[in-house]
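Enquirer: give me the fold of what follows.
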Amino acid sequence: MLPKGWSLQASFTEAGQGSSVYVRVYASSSLPTPAPFPNSPVSEGPGRLFVYQAFNAPVDATIGDPTAEAIPVAVGGTTITLYCQAQTGQLFLTYHVGADGIALDAYEPDFTPASLAAIANGLSPSGPAIPAASP
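Expert: Here you go, the predicted model:
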């Protein structure tokens with residue numbers, strides 16, 4: 001579940017190696033931030049949840065920090081690894097929903113490992129849908 005007041009703020013397609021990745025960005029307000037990717041209207045960071053989806057392929061991404069803490073979490077009945085970068089609070093995990101690769105990128109204190117795993121468990125095979133917090 002998203003934090004109260006968060007909603008979809010941006011979506012775009014990011015060209016990947018081999019397949020495109022559909023990206024959705026959730027936050028509590030609009031995000032006029034410099035783009036890290038050519039088609040991206042926003043960049044990753046605190047106060048945002050990035051959801052990456054590669055169709056019929058894995059998401060080709062990592063946290064990029066070999067010192068990140070590896071935390072086992074259950075997603076879809078399988079134990080996967082969620083990575084936490086202690087200095088920045090970045091949380092990152094990748095997994096599959098059917099043949100589609102999914103990655104979630106968020107930051108503490110907006111999310112915890114448990115809340116990010118709960119979002120991952122809420123994504124359905126018919127397409128990611130992230131419920132908003134109850135009013």
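
Enquirer: could you measure from the closest residue to Gly47 other than its chain neighbours over to Leu116?
Expert: Nearest non-adjacent residue to Gly47, counting by CB to CB, 6 or more residues apart in numbering: Ala27, 5.7 Å away. Just so you know, the C-beta spots here come from the backbone N, C-alpha and C atoms, and that holds for glycine as well. With distances taken as CB to CB, to the nearest Å, Ala27 is found 15 Å from Leu116.

Enquirer: got it, and Gly76?
Expert: 14 Å.

Enquirer: what about these two, which has more around it?
Expert: Set Gly76 next to Leu116 and count neighbours by other CB atoms under 10 Å: Leu116 wins out with 25 against 13.

Enquirer: now that one: phi and psi?
Expert: With angles defined as degrees, to the nearest 10, Leu116 sits at phi -70, psi -40.

Enquirer: shouldn't it be in contact with Tyr83?
Expert: No. Counting by CB atoms under 8 Å, Leu116 stays clear of Tyr83, with 10.5 Å between them.
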